[in-house]
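Enquirer: no FASTA, just this:
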Ligand SMILES: C=C(O[C@@H]1C=C(C(=O)O)C=C[C@H]1O)C(=O)O
């Protein structure tokens with residue numbers, strides 16, 4: 001198995017967030033949805049809205065890291081004054097003058113792949129940033145008007161550049177789990193995307209990340225957060241397991257404790273030990289005994 005997480009990447013700090021180390025991050029969504037970072041686009045107003053006002057308003061609404069997509073070089077002083085990073089790319093990825101000016105601010109830059117842009121064209125933008133002395137670059141796949149998301153290209157971009165990669169989801173979190181499984185270091189959502197989409201993306205980061213994303217936390221706080229994600233996945237699986245075990249009790253000729261099958265239990269512990277060699281059968285057997293007995297008790301109580 002080659003999961004993205006095995007490839008070494010340099011993490012990029014955006015405010016107090018580190019993209020590329022630890023769990024996949026959530027960027028985007030309205031302030032009340034509590035994403036890890038927010039972003040706003042000044043392009044949506046076609047330069048008609050004052051950049052200072054827009055950035056200050058976003059800053060006041062959200063205490064966490066804030067990214068801003070500028071409309072023109074004229075926006076950059078306002079962005080530098082209040083934002084933690086910039087978003088460039090999409091349809092205007094080839095505006096090299098603006099790309100250079102953005103990179104020169106020295107803030108981290110998220111480079112979104114424009115529609116139809118090749119991997120080479122996309123990575124060339126990273127080179128422009130580096131040439132301006134800015135190495136804090138994150139790549140974001142997708143975000144075009146056609147909403148295409150190329151996870152193969154996202155993986156290639158990460159391997160070729162060694163930089164963290166994001167997957168653009170817009171306001172539909174349906175591919176969040178797929179993106180995290182494919183190795184995304186973060187998910188980018190539409191700026192005003194609502195609570196349900198952010199919650200669904202968070203769930204994917206938690207559950208899929210717990211199983212497929214390797215982490216090496218270096219502090220107690222980070223390690224506890226990682227454990228909390230693993231426990232969330234465990235709880236989800238334990239609930240599913242209890243339901244399935246309950247189904248079996250109803251289907252077997254003799255269910256519950258009376259129909260207990262110790263041979264089957266030993267075999268499932270042996271199979272699990274292959275995936276959990278550190279715990280091994282001695283470590284797993286008492287755990288699974290408790291899990292199985294809890295399931296049997298539940299089934300007997302329910303069927304009584
Ligand atoms: C679910 C079953 O019934 C019991 C519960 C088991 C379990 O929770 O995995 C395993 C064997 C039986 O003791 C089964 O027979 O498969």
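Expert: All right, it came through fine. Because the structure is predicted, anything quoted here is derived from the model rather than measured. Residues are numbered from 1 along each chain as shown.
Enquirer: got a pLDDT number for the residue nearest to residue 132 when sequence neighbours are not counted?
Expert: Leaving out its chain neighbours, the residue that sits closest to residue 132 by CB to CB, 6 or more residues apart in numbering is residue 103, at 3.8 Å. For the C-beta atoms, the positions are set from N, CA and C on the backbone; glycine is no exception. Each residue has a pLDDT score; the one for residue 103 is 97.
Enquirer: just how off-centre is stretch 207-224 within its chain?
Expert: Counting by CA atoms, centre = their mean, to the nearest Å, stretch 207-224 is centred 12 Å from the centre of its parent chain.
Enquirer: Same check on stretch 250-262?
Expert: The chain centre lies 42 Å from the centre of stretch 250-262; the measure is CA atoms, centre = their mean.
Enquirer: Same check on stretch 264-273?
Expert: Worked out by CA atoms, centre = their mean, stretch 264-273 lies 33 Å from the chain centre.
Enquirer: Same question for stretch 143-161.
Expert: How far stretch 143-161 lies from its chain's middle: 14 Å, per CA atoms, centre = their mean.
Enquirer: Over to the residue of the stretch 51-200 of the chain found nearest the ligand. Which of the three states is it?
Expert: In the stretch 51-200 of the chain, the residue that lies nearest the ligand is residue 177 (26.2 Å; CB to the nearest ligand atom). What DSSP: H, G, I helix; E, B strand; the rest coil gives for residue 177 is helix.
Enquirer: quick one on the thing from earlier: run through the neighbouring helices and strands of the helix or strand harbouring the residue nearest to residue 132.
Expert: Assessed by DSSP states H and E, residue 103 sits inside helix 96-104. Applying 3 or more CB pairs under 8 Å, 6 or more residues apart in numbering; DSSP states H and E, one finds that helix 96-104 contacts strand 85-89, helix 119-131.
Enquirer: who's in contact with stretch 287-303?
Expert: Stretch 287-303 is contacted by residues 238, 241-242, 245-246, 249-250, 255-257, 260, 265, 268-269, 272, 279 when judged by CB atoms under 8 Å, 6 or more residues apart in numbering.
Enquirer: That one close to the ligand?
Expert: Yes: contact of stretch 287-303 with the ligand (CB under 6 Å from any ligand atom) involves 292, 295.
Enquirer: Number of residues surrounding the residue nearest to residue 132?
Expert: If you count neighbours by other CB atoms under 10 Å, residue 103 ends up with 25.
Enquirer: got the contact list for it?
Expert: 109, 128, 129, 131, 132, 133, 134.
Enquirer: which stretches of the chain form strands?
Expert: 12-14, 17-19, 25-27, 38-41, 66-69, 85-89, 109-112, 137-141, 165-170, 186-189 (DSSP state E).
Enquirer: Throw these into CSV and include mean neighbour count, thanks.
Expert: Rendered in CSV, the data for these read as follows (neighbours: other CB atoms under 10 Å):
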stretch, mean neighbour count
strand 12-14, 22
strand 17-19, 22
strand 25-27, 26
strand 38-41, 24
strand 66-69, 26
strand 85-89, 25
strand 109-112, 28
strand 137-141, 26
strand 165-170, 26
strand 186-189, 29
